[in-house]
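Novice: Whatever this is, show me its structure:
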Amino acid sequence: MYEFNKLFSDYVLAIGHVHEEELGEVYERWYNEYCDSLMDSPRGIISSMSDGELAQELSEECYVDAPSLTVMEALQNRENERVLVPLLYEGNSTLAYCAAELLRNINKIPAEAFAQLLTQTDDSELFELLVESLKENPDGARDVLLELFEDAHDHVKMAIAEILSCGGRDERVYNLLVGLFASGDNLALYASYLARYGDERCAPMLYRALSSAPYAEYIEIRNAIESLGGIVDEERDFSSDPDYIYIKENPNVQK
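Specialist: Alright, predicted model coming up:
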């Protein structure tokens with residue numbers, strides 16, 4: 001392992017105090033200067049490494065310390081998804097995050113691999129990255145996500161619903177979203193997914209839910225109805241609703 005992070009840190013310490021706005025310039029200088037311990041410049045070392053060697057270097061960095069900008073940038077510039085995808089499966093969440101981020105940055109998202117990892121990881125940052133990445137091409141991941149849905153944990157089911165609500169029309173997706181709303185849990189959340197999905201057939205069930213929904217859920221359901229082209233004329237009395245009271249008493253605070 002070349003320890004690029006340590007080499008750059010030592011370089012900065014040797015200079016002395018460096019202002020934050022100067023770090024980019026200092027990094028470029030370090031990257032191109034000859035380094036005794038490397039017997040080359042960092043640029044020269046990176047240029048001599050194959051894609052596979054760079055991927056191995058990133059793996060070792062993530063297991064020992066932290067990923068370096070030097071290796072991450074080099075891998076992104078190479079745009080070789082074949083060496084990045086295997087890094088998702090090594091069991092190291094930091095490494096998986098780096099690989100997923102690089103794949104997203106080069107627009108080479110492997111839908112099935114991301115979907116599978118979504119159901120397996122307990123790392124919240126990686127989970128969020130996978131969700132946001134899959135939302136960029138929900139239709140490409142639709143079949144595998146639907147297959148994984150039934151046996152997934154509840155928080156994964158929510159994420160799958162969020163992803164699929166961003167995609168195109170599919171009867172399986174419609175039934176999934178309607179079923180989640182009909183369960184009575186997280187009505188506000190699933191109402192927002194139905195609104196995003198945009199199928200007007202769900203409007204009657206949204207209208208029915210308005211009659212008994214507490215204030216916070218009522219607002220989201222009403223918004224969903226209106227986004228689908230419906231109109232809500234009836235006003236309900238929420239004067240005893242805790243959420244309504246809180247919001248009225250704290251207009252500048254979001255609960």
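
Novice: in the lowest-mean-pLDDT helix or strand in the chain, what counts as buried?
Specialist: Taking mean pLDDT, DSSP states H and E as the measure, the chain has helix 242-249 as its least confident helix or strand, at a mean of 86. Buried residues in helix 242-249, counted by 16 or more other C-beta atoms under 10 Å: Tyr244, Ile247. Yep, even glycine has a C-beta here, placed from its N, CA and C like the rest.

Novice: From the contact counts, what lies against that helix?
Specialist: Helix 242-249 sits against helix 215-227, with contacts defined as 3 or more C-beta pairs under 8 Å, 6 or more residues apart in numbering; DSSP states H and E.

Novice: and the helix it packs on, what's its mean pLDDT?
Specialist: Helix 215-227 shows a mean pLDDT of 94.

Novice: centre of the chain versus it, how much separation?
Specialist: Relative to the centre of its chain, helix 215-227 is centred 26 Å away, using C-alpha atoms, centre = their mean, to the nearest Å.

Novice: go on, stretch 221-236?
Specialist: That offset, for stretch 221-236, works out to 30 Å (C-alpha atoms, centre = their mean).

Novice: Let's see the distance spanning that stretch from one end to the other.
Specialist: Using C-alpha to C-alpha, to the nearest Å, one end of stretch 221-236 lies 13 Å from the other.

Novice: Sort out which residues of that stretch are buried, please.
Specialist: Going by 16+ other C-beta under 10 Å, stretch 221-236 has these buried residues: Ile221, Arg222, Asn223, Ala224, Ile225, Leu228.

Novice: cool, and stretch 32-48?
Specialist: The neighbour-count check on stretch 32-48 (16+ other C-beta under 10 Å) flags Cys35, Pro42, Ile45, Ile46 as buried.

Novice: Counting only strands, which of the residues you listed make the cut?
Specialist: The strands, defined by DSSP state E, take in nothing from those.

Novice: Include pLDDT and distance to Glu21 when you put those into CSV, please.
Specialist: Below are those laid out as CSV (pLDDT from 0 to 100; distance: C-beta to C-beta, whole Å):
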residue, pLDDT, distance to Glu21
Cys35, 97, 24
Pro42, 98, 22
Ile45, 98, 27
Ile46, 98, 25
